[in-house]
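Peer 1: no FASTA, just this:
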């Protein structure tokens, strides 16, 4: 049924439908498996949308990216919550623990007790900050419904930030592929900056 509907669309509309579906799947998968560079994917999609003549293309990218991130976050939280409630834990909970350094988890737990929702928003914007805060929410046994509503502003801010990076990249260069390269380079730079800073800080202190 869906294939028939897609086949009836004009070629450009078909490409957009496939593109939005791919964007949703990749971002949702990246929320579950953090090795997928979701920020770069959203920025690249925003560059392509910026150069399109279709109305509301950027809005569609924003809505699809934010919705996919929310679905992925909630699914991962639900899977991790099953491990918290089980005596034997789960591989999803174990994977979250493996990705959260003890010191970062401790800081996340302290900030979560003090600030709640703002911590979730910032965790989505700070590279490698999402998993420690999500694990802190799980260990604090935050209900899934409360996590969902707290995660809504987080994914909205995240999608807006990386879409803005894509818009900037698209506005600087006349061709979409040039903007995509610039957007990916900027997201990689942003993602790697915290780890570089942590390595340089002890050297400066010494």
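Peer 2: That came through fine. This structure is a prediction, so every number in the text was calculated from the model and none was measured. Numbers count the residues shown, from 1 in each chain.
Peer 1: Is it correct that residue 28 is in contact with residue 68?
Peer 2: Yes: taking contacts as C-beta atoms under 8 Å, residue 28 lies within contact range of residue 68: 4.2 Å. All C-beta spots, glycine's among them, are computed from the backbone N, C-alpha and C.
Peer 1: what sits against residue 108?
Peer 2: Contact analysis of residue 108 by C-beta atoms under 8 Å, 6 or more residues apart in numbering lists 100, 119, 123, 129, 132, 133, 135, 136.
Peer 1: State the pair within the residues you listed that is farthest apart.
Peer 2: Maximum pairwise distance among the contacts of residue 108 (C-beta to C-beta): 13.9 Å, between 100 and 119.
Peer 1: Compare those two and say which one has the larger neighbour count.
Peer 2: residue 119 (23 against 20; other C-beta atoms under 10 Å).
Peer 1: Please enumerate the helices of the chain.
Peer 2: Assigned by DSSP state H, the chain shows helices spanning 2-7, 11-32, 38-50, 57-85, 91-99, 102-115, 117-125, 130-139, 144-172, 176-205.
Peer 1: Low-confidence stretches in this structure?
Peer 2: The chain contains residues with pLDDT under 70 at 1-17, 53-54, 87-89, 177, 190-206.
Peer 1: Can you mark which positions in stretch 113-129 are buried?
Peer 2: 119, 120, 121, 122, 123, 124, 125, 129 (16 or more other C-beta atoms under 10 Å).
Peer 1: So for the third one, what's the nearest residue that isn't a sequence neighbour?
Peer 2: So the one you mean is residue 121. residue 154 (4.6 Å; C-beta to C-beta, 6 or more residues apart in numbering).
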